[in-house]
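[1] A predicted structure for the sequence below; I have some questions about it.
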Amino acid sequence: MVDRAHVADRDFRAGIELVGLLCRGDAQEFRARLSGDRDGRERFLAFVARHGLGFFLAIQGHRLNVDTAFDEAVRRRLVRIRLGARLRQRRLMGEVGWVDALLQERGIPYRLFKGPALAQRFYRDFQGRDFHDLDVLISPARLQETHAALLEAGATRRSKAPLGRRVATWFTHGWDYDRGELRLDLHWALATHFSYRIDMARLWKETASVEIEGRRVPTLSDESMLLFFALSFFEDLDRGAGRLKSVVDLDTMVHALNGRTDWPAFFARAGTERVERIVRSVLALVLDLMQSGPRCPALVAALERAPHRAPTDWPERRRLLESAPGSLSNKLWAADLFACGRAPALAWWGLSLPFRLSTYDPGALRRLLGPRPH
């Protein structure tokens, strides 16, 4: 009788190892692993699809000339993914200037992050990473003014605010807007949890920037961006939505920062912001999955100075990264990492859930609270 869990664990580990080879640029070993293994190639493509890595395979496979490991139909599909992403990226890069002008004209400080900012800073250029929207951080004090400016300029808010702006800022981190083909995520916080103490004053003092379409735009510093992505991935894992695409991002960021980051100081900062155990556990998980420890000895040494809770066996790693949304095991794993402890973390989750659903998915809230169909 086939042990399905064992097969799933095996395929998960094989998929991660192949992604790691692509990240390290080991084209020879990647080809060798898939050579003559049609079933293995199909399982890997399914793994890539589950974890949102289609663009990563398309661009990295092309750069390393390993897309020849796949048949003609797959190669054509990868070409379509690359070309489609570049058209979308070009459109969004052009919209950066519109957003910058809109906010600068009104004197609204902002920081562009994720999307093109991440691609330019850590993937060499905007074509190195796919993105579907623009993410902008503003101060909560300027939210109403920014919202009005976006509406005046023809944008439409997709997120709901049934209980008003003040309640929204307590429990959620941003609103989503549309303007034609532009998708804009307007953030007033990097993350919202009552136990966090994110130093927003520090973020606004940072003077980092990136050049996009000939325009210099403000963004987060490299270390602040790493901190945000670690928290974002943790919260995805918490709700059962973690995928390897985020692991690839974090691995890429860590290697870009390797050799020029004071890791003890980085974790000391995370400690003052009450997210140190979260960040340690996430980065330890990334290094373990991608086998990146030997290339990042200073980070490994810093991680070893304090405990973390990164899962160490493959079945547990798979459950964490391939769980269904709302997974109880993921929720309990995450709850133990908050600085407040498990019970308050779970209580906060229960309290904030209706507010978060009413903002991002009111249909789910109606299904949750409404009468059950007979």
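    Cool, got the structure. Numbers count the residues shown, from 1 in each chain.
[2] For the helix or strand harbouring residue 356, which outside residues touch it?
    Using DSSP states H and E, residue 356 maps to helix 342-360. Helix 342-360 is contacted from outside by 159-163, 167-168, 170-172, 175-176, 193-195, 331-332, 334-336, 338, 340, 364-365, 368-369, using C-beta atoms under 8 Å, 6 or more residues apart in numbering. Any C-beta I mention is one placed from the backbone N, CA and C, and that applies to glycine too.
[3] Could you tell me how far it lies from the centre of the chain?
    20 Å (C-alpha atoms, centre = their mean, to the nearest Å).
[4] buried ones in it?
    Neighbour counts over helix 342-360 (16 or more other C-beta atoms under 10 Å) mark 345, 348-349, 352, 355-360 as buried.
[5] And for stretch 256-265?
    Neighbour-count burial for stretch 256-265, counted by 16+ other C-beta under 10 Å, picks out 256-257, 261, 263.
[6] is it true that residue 337 touches residue 276?
    No. Counting by C-beta atoms under 8 Å, residue 337 does not reach residue 276; the two are 9.6 Å apart.
[7] Look at those two and report which has more neighbours.
    residue 337 (22 against 19; other C-beta atoms under 10 Å).
[8] what about the stretch 201-350 of the chain, any weak spots by pLDDT?
    Counting by pLDDT under 70, the stretch 201-350 of the chain has no low-confidence residues at all.
[9] the strands in it, which residues?
    Per DSSP state E, counting those that start in this stretch, the stretch 201-350 of the chain carries strands over the ranges 209-212, 215-218.
[10] what packs against the last one?
    Counting contacts by 3 or more C-beta pairs under 8 Å, 6 or more residues apart in numbering; DSSP states H and E, the secondary-structure elements packed against strand 215-218 are helix 72-105, strand 111-113, strand 209-212.
[11] what helices or strands is the shortest one leaning on?
    Think strand 111-113. So strand 111-113, by 3+ C-beta pairs under 8 Å, 6+ apart, packs with helix 72-105, strand 134-137, strand 215-218.
[12] Serialize those to a markdown table and add fields for mean neighbour count.
    Compiled in a markdown table, these are given as follows (neighbours: other C-beta atoms under 10 Å):
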| stretch | mean neighbour count |
| --- | --- |
| helix 72-105 | 15 |
| strand 134-137 | 24 |
| strand 215-218 | 16 |
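[13] who wins for proximity to residue 20 among these?
    Residue 20 lies closest to helix 72-105 among those, at 19.2 Å (C-beta to C-beta).
[14] on contacts alone, who are the packing partners of the closest one?
    Packed against helix 72-105, as judged by 3+ C-beta pairs under 8 Å, 6+ apart, are the following elements: helix 54-64, strand 111-113, helix 115-122, strand 134-137, helix 143-152, strand 182-187, strand 209-212, strand 215-218.
[15] Of the contacts of helix 342-360, just the buried ones, PyMOL syntax please.
    Remark: buried members of the contacts of helix 342-360, expressed as a PyMOL selection using 16+ other C-beta under 10 Å:
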select buried, resi 159+168+171+172+175+193+331+334+335+338+365
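[16] Now do the helix or strand hosting residue 19 against helix 54-64, angle only.
    Residue 19 belongs to helix 4-24 when assigned by DSSP H and E. Counting by axes from the mean of the first three to the mean of the last three C-alpha atoms, to 10 degrees, helix 4-24 lies at 50 degrees to helix 54-64.
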